[in-house]
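Q: Test case, fold it:
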Amino acid sequence: MQLQSGQHVSIGTTGDPGNDGNNYNDRAPLVGRDSLQGPGLADWDLRLTRDIPLEKQVRMRLVFEGFDIVNHANFATFQNNLYTFKSGVFTPTTNYLTNLTMLPQGVGSRVFQLAIKITF
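A: Residues are numbered from 1 along each chain as shown. I've put the predicted structure just below:
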């Protein structure tokens, strides 16, 4: 099992209320830096093995593995812009805190596999 809390991010605004020429670095008014915690990670993996003796020096190992067996959705990013700034007016966004992108393939996607290994 792997559990991680999300990173802290700032609540932002689009536009350029700071008038510095950068539309992507301004925080929402009256909100501190890194005041919002981002999405965390929850991942449950399971492995079961069984050794079966076949002959004197020959063994067969059965392996069953499941990755993210509870199929929990793990998101990498979310919409952290609370306002849109245009013509001197802050307008609330409609998709604030909406999940945007998933974590890379293999994290947060349920996968099962079965293996047989023979040693001699």
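Q: Please make it C-alpha for all contacts and neighbour counts, starting now.
A: Noted.
Q: Adjacent strands (with direction) for the helix or strand of the chain with the lowest mean pLDDT?
A: Taking mean pLDDT, DSSP states H and E as the measure, the helix or strand of the chain with the lowest value is strand 99-102, at a mean of 77. Strand 99-102 pairs in its sheet with strand 75-78 (antiparallel), by DSSP bridges.
Q: Run the chain-centre distance for the partner strand.
A: Taking C-alpha atoms, centre = their mean, to the nearest Å, one finds the center of strand 75-78 at 6 Å from the center of the full chain.
Q: in it, what counts as buried?
A: The neighbour-count check on strand 75-78 (16 or more other C-alpha atoms under 10 Å) flags F75, T77, F78 as buried.
Q: and which of those residues is nearest G12?
A: Using C-alpha to C-alpha, F78 comes nearest to G12 of the buried residues of strand 75-78, at 11.7 Å.
Q: which residues are contacting the least confident helix or strand of the chain?
A: A73, N74, F75, A76, T77, F78, Q79, G108 (C-alpha atoms under 8 Å, 6 or more residues apart in numbering).
Q: mind listing what's buried in stretch 96-104?
A: Buried residues in stretch 96-104, defined by neighbour count with 16+ other C-alpha under 10 Å: L97, N99.
Q: Tell me where the protein has strands.
A: Along the chain, counting by DSSP state E, strands occupy 2-4, 8-9, 12-14, 36-37, 41-43, 45-53, 59-67, 75-78, 81-86, 89-92, 99-102, 111-119.
Q: From the contact counts, what lies against the third one?
A: Which is strand 12-14. Packing partners of strand 12-14 (3 or more C-alpha pairs under 8 Å, 6 or more residues apart in numbering; DSSP states H and E): strand 81-86.
Q: Pairing partners for the strand it packs on, with directions?
A: Taking DSSP bridges as the criterion, strand 81-86 pairs within the sheet with strand 12-14 (parallel), strand 89-92 (antiparallel).
Q: how about those, which one is nearest V58?
A: Of all the strands paired with strand 81-86, strand 12-14 comes closest under C-alpha to C-alpha, at 62.6 Å.
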